[in-house]
Structure formats: structure tokens, C-alpha cells
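Colleague: Fold the following.
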Amino acid sequence: MALFREISCFAFLVLGFIFEAAGEDHPCDGIIGDTNNWIRSARRTNVVVIGGGAAGLTAAKTLIQNQAGDVLLLEAQDYLGGRVKTIREGPLLVEEGAGWISGGSANPLFNLAKRLGGMNSPVRKESYDWRAKTSNGRNADPSGFDVAASLMEECDVDPALVPYHSTGYGRCFLDKFPVRYFAAPSEKEAWLHYLHMWVNKEAGTNDWMDKSARDADHFTEWDMADLRPWRRGFDTFIQYLRQEIPASQIKTSSPVCKVFWDLDDAEGSVLLVTSAREAYLADYVVITTSVGHLKERHRSMFEPALPSEYLDTLNGVELGVTDKILIGWNEPWWGKRPLDLHIIFQDFNLPSEESWLYSIMEFVSTQRHDNVLQAVVTGESAKLMENLPEEEVKNQVVRHLKRVTGQNVPPPSFFRR
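Modeller: Below you'll find the predicted structure:
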């Protein structure tokens with residue numbers, strides 16, 4: 001009887017969550033067939049690693065270094081890196097996925113980047129043009145930001161979180177903010193909403209009550225004071241991981257659709273079938289796909305079903321959606337310094353198709369390019385934004401920036417979401 005090898009954690013890089021877009025056809029839909037035929041045509045290998053992100057590449061690299069036999073890595077996308085995706089377009093180098101190395105020497109990735117000469121200088125926030133504005137263009141009370149920032153630190157340590165262990169993470173902020181902020185009563189609810197969006201951005205949650213305070217207390221927080229980008233792009237980290245993996249042992253554009261892990265006639269092996277109906281028999285399988293993907297696809301992916309105790313844990317995990325917007329101009333229209341624009345909403349009267357903008361609490365210049373702004377969109381707002389045409393999203397962002405800053409915002413020369 002084949003033994004199913006559960007997910008192995010080789011990665012020390014943990015990023016946001018990815019969900020498959022609702023309503024879209026999946027390349028694995030409709031993959032059916034006779035297991036006996038697949039077994040007869042299958043390529044035999046010692047280990048298959050599913051997923052070519054940081055975890056999968058690290059797993060494959062480690063197995064090859066330790067002479068684990070024939071190792072094959074299967075990646076669903078047409079590129080390696082997973083949540084690491086560096087975009088190079090003319091003079092621009094921007095990160096669609098992971099963008100920062102935080103935590104100083106406590107973070108293994110920091111030390112690796114330093115050893116490889118990939119470390120850039122720390123981000124200096126004092127060099128930014130810091131602004132706090134209301135969504136309709138008025139100057140906002142900056143002390144609201146000060147209170148929010150202080151609570152982001154306070155609600156991240158034991159003394160503050162222990163009393164909230166039996167409830168959601170957001171309760172710490174909901175209890176403390178109203179008794180800390182008095183400067184501008186008309187902005188109180190707006191700054192509380194801003195704080196909510198900040199927590200969602202940092203925690204990767206749809207709602208700040210989705211994460212338990214106990215889990216937040218146990219989460220390792222890196223020191224954000226030493227925040228650095230990868231000098232030549234985060235994908236140089238991916239290149240480092242893959243350099244010892246022969247190209248013949250990597251297959252991209254190969255989503256794994258079926259994992260038969262308990263076949264009597266498979267000689268103790270696990271049978272895998274891809275969307276191209278290519279079959280593999282492996283002694284071991286290392287699965288590094290996202291939890292979001294497993295939640296979405298496990299019923300059709302695994303035969304027999306995964307063990308009930310594993311499914312109970314999987315179903316108990318609440319995931320969030322976190323997207324990034326990058327928008328740039330040939331020259332920064334806001335001034336000579338990099339921009340750090342914080343936005344609060346006193347009125348929630350945007351058209352429904354623009355309501356996703358409520359989740360953006362900040363536009364900030366990327367460190368490499370002062371003329372490129374990035375923003376994070378979370379939760380249901382992110383899903384709404386994902387389903388809009390790209391040109392419409394771009395135009396909505398431009399209109400929003402005009403309203404907030406009161407400045408003339410020209411058409412962007414660069415846009416990614």
C-alpha cells in the first residue's frame with residue numbers, strides 16, 4: 001500500500017495567500033481516466049516535488065544535494081518562484097510578489113542575501129514625503145496615524161494579547177483605539193477603518209477577527225525597522241535555489257491534477273497525473289502548493305480522500321486574499337521626494353464598482369523607483385478588483401489619486417495588478 005507523504009516544510013519564506021479566481025475554468029477540470037492505463041504509461045522516479053516556489057525549489061535542491069535519487073519538480077505556472085515574481089520592463093524593476101527582506105540577522109533570508117551580495121540599503125522613511133489625507137482631499141489629523149502605529153506595536157506582544165487569546169486579533173485594536181484617540185472626533189471612525197485595513201494588510205486576513213489573538217501572539221514578527229529590498233530583484237533568490245537543479249528535472253506549466261496515493265497495483269508508489277495527462281510513479285511526493293490551493297482542489301485532487309484528521313485541520317484554516325497594485329509614471333507628479341500617502345475614509349459613497357478602493361490605506365513609492373507607487377488590496381475588495389477589467393482598475397486608481405491629492409494625475413506609463 002502506498003504511503004502518502006504529507007506536506008514537508010522546507011521554506012523559510014512565507015508570503016500572502018493565493019486563491020484561484022472564481023468562475024474560471026481550471027486546467028485540471030475534466031481529467032479522468034483509467035488508473036491502470038496511467039500506471040502502464042507512467043514515468044518512474046524516486047521523488048516528485050509539487051510546486052516550484054521557494055518551498056518546492058528548496059525541497060528539490062536539498063534532496064539533490066543529499067543524493068535522494070531521481071528528483072522531478074512539477075510547477076503549474078509557466079515560471080518558477082511562486083509568490084516571488086520580479087518584473088523587468090525597460091528601466092523598471094518591480095516586485096509583483098515578495099518585495100522585502102525584514103528582520104535583520106534573525107531572518108535566515110537576510111543572512112543569505114548578505115552572503116550572496118544581494119542586500120540593498122535599509123529603507124529610510126524620513127526621506128519620504130509623508131501625507132495623511134481624507135478620501136475627498138482634505139488634510140487628515142496625523143495623530144490618528146500615531147495612535148494606529150502605536151497599537152500596531154502594542155497589540156503584537158504578549159502583555160497586550162494574552163487577555164484576548166480566546167477571541168479575534170482585532171479585538172485588541174477595537175478595545176484600545178477608541179480610548180486612545182480624541183484629537184479629531186469626526187475622524188475617529190475613519191482612522192479605525194484605516195487601522196483595520198492596516199492589520200488586514202500586515203496579517204493577510206480578510207477581516208481582523210479572522211485571526212485569533214492566540215495565533216497572532218505565537219507568530220514570529222521580524223523587526224520592521226531593518227526593511228530592505230533584494231538588490232538585483234527578488235528573483236535572484238529563486239535563481240540561487242534552482243542553480244543546482246538540472247533543467248531536465250524541472251517541468252513548468254504542469255499542474256498536478258490527480259494524486260493516487262493508496263493503489264494496490266502501483267507497487268507501493270504514488271501515481272500522479274498532470275493536466276497534460278502525463279503520469280508519474282514516485283516513491284515519495286513532497287507537496288508545497290499553497291494551503292489555499294489545497295482547500296480549493298483537494299476533493300478532486302486526491303484519491304482516496306486525505307485523512308480526516310488532516311482535513312479537519314485544513315478546513316479550520318481561515319485564509320485571506322492579498323493583492324498588490326503597481327502604478328508608475330515617467331516622472332513623479334507629486335514632487336521630487338518619494339511619496340508615502342495615507343488615506344482615511346469618512347464617507348463610503350463610492351460607486352459599487354469602485355468600493356474595493358476602501359481597502360487601500362496607503363500608496364507608497366517603491367524603494368528602487370520613486371516614480372512607481374504600490375498599494376495593497378485585501379479581502380473581498382481584492383476579489384472585486386480581480387474581476388474588473390485592468391483598464392478600468394487603472395482608471396479608477398488614477399481618479400482616486402486625483403480626489404485624494406487634489407493634484408493633476410497624468411495617465412500612467414506603467415501599471416500592474
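
Colleague: Quick check: closest non-adjacent residue to L241.
Modeller: Once flanking residues are discounted, L241 sits nearest to L57: 3.9 Å by C-beta to C-beta, 6 or more residues apart in numbering. All C-beta spots, glycine's among them, are computed from the backbone N, C-alpha and C.

Colleague: Break the chain into its domains for me.
Modeller: The record's domain split for the chain, according to automatic domain parsing, is 35-84+234-315, 141-218.

Colleague: do you know which of these lies nearest G90?
Modeller: Closest approach to G90 among these is made by domain 35-84+234-315 (16.9 Å; C-beta to C-beta).

Colleague: From start to finish, how long is the closest one in a straight line?
Modeller: Terminal residues of domain 35-84+234-315 are spaced 28 Å apart (C-alpha to C-alpha, to the nearest Å).

Colleague: Next, give phi and psi for F414.
Modeller: Dihedral pair for F414: phi -150, psi 140, per degrees, to the nearest 10.

Colleague: State the distance from the residue nearest to L241 to R368.
Modeller: Relative to R368, L57 is positioned 24 Å away (C-beta to C-beta, to the nearest Å).

Colleague: R299 now?
Modeller: In terms of C-beta to C-beta, R299 sits 43 Å off from R368.

Colleague: The residue nearest to L241 and F237 touch, don't they?
Modeller: No: look at L57 against F237 with C-beta atoms under 8 Å: they stay out of range, at 9.4 Å.

Colleague: if you count what's nearby, which of those two comes out ahead?
Modeller: L57 (31 against 24; other C-beta atoms under 10 Å).

Colleague: sorry, back to before: neighbour count winner among R299 and R368?
Modeller: Between R299 and R368, R368 has the larger neighbour count (other C-beta under 10 Å), namely 16 against 11.

Colleague: Tabulate the domains of the chain in CSV, adding columns for mean pLDDT and distance to E354.
Modeller: As requested, those are exported to CSV (pLDDT from 0 to 100; distance: least, C-beta to C-beta, whole Å):
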stretch, mean pLDDT, distance to E354
domain 35-84+234-315, 93, 26
domain 141-218, 94, 16
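
Colleague: could the ones you listed go into CSV alongside distance to V376?
Modeller: Converted to CSV, the domains of the chain look like this (distance: least, C-beta to C-beta, whole Å):
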stretch, distance to V376
domain 35-84+234-315, 14
domain 141-218, 5
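
Colleague: how much space between the closest residue to L350 other than its chain neighbours and F363?
Modeller: Spatial nearest neighbour of L350, excluding adjacent residues (C-beta to C-beta, 6+ apart): L357 at 6.2 Å. Distance of L357 to F363, computed by C-beta to C-beta: 11 Å.

Colleague: Also P255?
Modeller: Counting by C-beta to C-beta, the gap from P255 to F363 is 35 Å.

Colleague: quick one, which of those two is more surrounded?
Modeller: Neighbours were counted for P255 and for F363 using other C-beta under 10 Å; F363 has more, 23 against 20.

Colleague: I'd like the average pLDDT over the strand or helix carrying that one.
Modeller: Element membership for F363 (DSSP states H and E) is strand 362-365. Averaged across strand 362-365, pLDDT comes to 97.

Colleague: Now it: buried residues?
Modeller: Neighbour-count burial for strand 362-365 flags 362-365 (criterion: 16 or more other C-beta atoms under 10 Å).

Colleague: counting contacts, what elements does that strand pack onto?
Modeller: Applying 3 or more C-beta pairs under 8 Å, 6 or more residues apart in numbering; DSSP states H and E, we find strand 362-365 packed against strand 339-344, strand 372-378.

Colleague: and R124, how many neighbours does it have?
Modeller: For R124, the neighbour count with other C-beta under 10 Å is 10.

Colleague: Quick check on it: phi, psi?
Modeller: R124 has phi and psi values of phi -110, psi 100 when expressed as degrees, to the nearest 10.

Colleague: how near is it to M209?
Modeller: Taking C-beta to C-beta, one finds R124 at 35 Å from M209.

Colleague: tell me what the helix or strand hosting Y194 is packed against?
Modeller: Assigned by DSSP H and E, Y194 falls within helix 188-203. When contacts are defined as 3+ C-beta pairs under 8 Å, 6+ apart, helix 188-203 packs onto helix 142-154, helix 170-176, strand 339-344, strand 372-378.

Colleague: Give me whichever of the ones you listed is most buried.
Modeller: Comparing the helices and strands packed on helix 188-203 by mean neighbour count (mean count of other C-beta atoms under 10 Å), strand 372-378 comes out on top with a mean of 24.

Colleague: That one pairs with which strands?
Modeller: Each strand paired with strand 372-378, and its direction, by DSSP bridges: strand 322-328 (antiparallel), strand 362-365 (antiparallel).

Colleague: Compare those strands and give me the one nearest D34.
Modeller: Proximity to D34, assessed across the strands paired with strand 372-378 by C-beta to C-beta, is greatest for strand 322-328 (40.5 Å).

Colleague: That closest one relative to helix 188-203, how many degrees between them?
Modeller: 100 degrees (axes from the mean of the first three to the mean of the last three C-alpha atoms, to 10 degrees).

Colleague: Give me the distance from strand 322-328 to the chain's centre.
Modeller: The chain centre lies 12 Å from the centre of strand 322-328; the measure is C-alpha atoms, centre = their mean, to the nearest Å.

Colleague: Dump it to PDB, keeping only the CA atoms.
Modeller: Presented in PDB, the C-alpha positions along strand 322-328 are these (Å, rounded to 0.1, in the frame of the first residue of the first chain):
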ATOM      1  CA  THR A 322      -3.900  39.900  -0.600                       C
ATOM      2  CA  ASP A 323      -3.200  41.700  -3.900                       C
ATOM      3  CA  LYS A 324      -0.800  44.300  -5.000                       C
ATOM      4  CA  ILE A 325      -1.200  47.200  -7.400                       C
ATOM      5  CA  LEU A 326       1.900  48.900  -9.000                       C
ATOM      6  CA  ILE A 327       1.400  52.100 -11.000                       C
ATOM      7  CA  GLY A 328       4.100  54.400 -12.400                       C
END
